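Asker: here is a sequence together with a model predicted from it:
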Amino acid sequence: MPSVSTSPAVRLTALDPAVARLVRSSHSLIAGLQTPEGAYPASPAFPAYEGYCWFRDGAFIADAMSAYGDDGSATAFFDWCAQAIVARRDHIHWIVDETRVGRPPSGERMLPARFTYAGEDGADEWWDFQLDGYGTWLWALGQHLGRFEIDASPWLPAVELTVDYLLASWSRPCYDWWEEHSEAVHVSTLACIAAGLQAVADAGLVDPPRAEAIVAAVRDIRNLIETRGVRDGHLVKWLDVAAVDGSLASAIAPLGLVDATSDLAGRTVDIIERHLTVGGGVHRYLGDTFFGGGQWPLLSCFLGLAHAARGDRDRGAELLAWAVATANAQSEIPEQVDHHLIAPGMRQEWVDRWGPVATPLLWSHAMIIRLAVELAADDTDDTHDTHEGSAR
């Protein structure tokens, strides 16, 4: 699928040399591990993740590869997504029809959050009913099409199926980014869905009836967030609570659902900094016990993107530097680090259950790339060290 890059120059030479080296090695790692089918492994050697690709993780990885200039890698991932969705066309139609007549299927009958590299459902039990990934793949595709001149027609059937699925299901409780709390409607999930629907409508990838339905759904999602997803002027973890979550920064950037210049964005960033951040490391949420509740490099990068969108590039650079510093001797970035555990007594229980923390986590590497590109981009100067699109 030929393409012409329209993305801004990536000024890796403008970055700290250690950061630039890790950005390059992160790109190489992700590109080297991407499967022939186009899937991005979550982590190549972590038993609980091995053999699977998540739509959510993968979409953010594809967005980072696209922003870096590797259009071939991102395009291959979107092809993989589209094939997985179209293969479930009849099931999606059934879900939509059942929902329309007031019989929404149980969570076990909804689309899964992750697939095997071959695009098949997983054989083992998982916390599978998650809607965020279906929004993020649409959003990332829209971002990709904005950077490169690519024929979108091969993806249209999958886009339409995904839009129909989300329009029918967006208000349902489901598992969050962390595969927890299936009883709640999560603000980060709503942000992913609204951003994805808006992206494909803005890109002209849907017919007029679907575009009209998207306008109504996005309006309803925004209203729901404003009325039940905000407390004391900041976004909350899920509807009708006061708790916060590190993933909320994504609603500001890169998803762009919340205006970065708004008071809502400012107060959300501020409370994530005050409640969840120590130095440059960001926790998922207070009370987290997974591997002791460590700090996640990818969340530091999401917070860095939110700061950069608000004009504080210095704080964005600090958060990027912290994330880069979590690399091991092999330049691998983990899922989380144990520098400042919330529940240290729980760490060994998870190690005994699943082994050491997932390392490398491709999503962590991707978010470092994405934040670095954001901080290094310069629309006015195309003479810098720029990564060209791959021949994949």
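Answerer: Yes, it's here.

Asker: mind listing the helices for the stretch 251-392 of the chain?
Answerer: Here the stretch 251-392 of the chain has its helices, by DSSP state H, counting those that start in this stretch, at 263-276, 297-309, 313-324, 347-354, 362-376.

Asker: quick one, the last one and helix 297-309 angle?
Answerer: Here helix 362-376 points in a direction 20 degrees away from that of helix 297-309 (axes from the mean of the first three to the mean of the last three C-alpha atoms, to 10 degrees).

Asker: of all the helices of the stretch 251-392 of the chain, which one is nearest residue 291?
Answerer: Nearest of the helices of the stretch 251-392 of the chain to residue 291, taken as C-beta to C-beta: helix 347-354 at 4.5 Å. Glycine gets a C-beta too; all of them are placed from N, C-alpha and C.

Asker: identify the residues contacting the closest one?
Answerer: 46, 47, 48, 290, 291, 292, 294, 338, 341 (C-beta atoms under 8 Å, 6 or more residues apart in numbering).

Asker: including distance to residue 126 and mean pLDDT, could the helices of the stretch 251-392 of the chain go into JSON lines?
Answerer: As requested, the helices of the stretch 251-392 of the chain are exported to JSON lines (distance: least, C-beta to C-beta, whole Å; pLDDT from 0 to 100):
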{"stretch": "helix 263-276", "distance to residue 126": "26", "mean pLDDT": "98"}
{"stretch": "helix 297-309", "distance to residue 126": "20", "mean pLDDT": "98"}
{"stretch": "helix 313-324", "distance to residue 126": "27", "mean pLDDT": "97"}
{"stretch": "helix 347-354", "distance to residue 126": "13", "mean pLDDT": "97"}
{"stretch": "helix 362-376", "distance to residue 126": "17", "mean pLDDT": "97"}
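
Asker: which one of these lies nearest to residue 256?
Answerer: helix 297-309 (7.8 Å).

Asker: list the helices and strands the closest one packs on?
Answerer: helix 263-276, strand 281-282, helix 313-324, helix 362-376 (3 or more C-beta pairs under 8 Å, 6 or more residues apart in numbering; DSSP states H and E).

Asker: does anything pack onto the shortest one? Which helices or strands?
Answerer: The elements that strand 281-282 packs onto, with contact taken as 3+ C-beta pairs under 8 Å, 6+ apart, are helix 297-309.

Asker: the residue nearest the centre of the chain and residue 369: what is the separation?
Answerer: For the chain, the residue nearest the mean C-alpha position is residue 60 (4.0 Å; C-alpha atoms, centre = their mean). Distance of residue 60 to residue 369, given as C-beta to C-beta, to the nearest Å: 10 Å.

Asker: what's the angle between the lengthiest helix in the chain and helix 263-276?
Answerer: Longest helix of the chain, by residue count under DSSP state H: helix 208-228. Angle of helix 208-228 versus helix 263-276, following the same axes, to 10 degrees, is 60 degrees.

Asker: how far is helix 208-228 from where the chain is centred?
Answerer: Centroid separation for helix 208-228 versus its chain: 21 Å, with C-alpha atoms, centre = their mean, to the nearest Å.

Asker: got the buried residues for it?
Answerer: 210, 211, 213, 214, 217, 218, 221, 222, 224, 225 (16 or more other C-beta atoms under 10 Å).

Asker: do stretch 127-146 as well
Answerer: 127-145.

Asker: likewise stretch 340-348?
Answerer: Quick answer for stretch 340-348 (16+ other C-beta under 10 Å): 341, 342, 346, 347.

Asker: start to end distance for that stretch?
Answerer: With C-alpha to C-alpha, to the nearest Å applied, stretch 340-348 spans 15 Å between its terminal residues.

Asker: same check on stretch 93-108?
Answerer: End to end - C-alpha to C-alpha - stretch 93-108 spans 16 Å.

Asker: next secondary structure after the one helix or strand residue 29 maps to?
Answerer: For residue 29, the host element (DSSP states H and E) is helix 17-33. Sequence order places strand 52-54 as the next helix or strand after helix 17-33, per DSSP H and E.

Asker: show which residue of this structure lies farthest from the average position.
Answerer: In terms of distance from the mean C-alpha position of the chain, residue 101 ranks first, at 31.9 Å (C-alpha atoms, centre = their mean).

Asker: separation between it and residue 168?
Answerer: 11 Å.

Asker: if we can go back for a sec, contact partners for the residue nearest to the centre of the chain?
Answerer: By C-beta under 8 Å, 6+ apart, the neighbours of residue 60 are 136, 140, 363, 366, 367, 370.

Asker: let's see that with 6 Å instead.
Answerer: residue 366 (C-beta atoms under 6 Å, 6 or more residues apart in numbering).

Asker: and it, helix, strand or coil?
Answerer: Under DSSP: H, G, I helix; E, B strand; the rest coil, the three-state class of residue 60 is helix.
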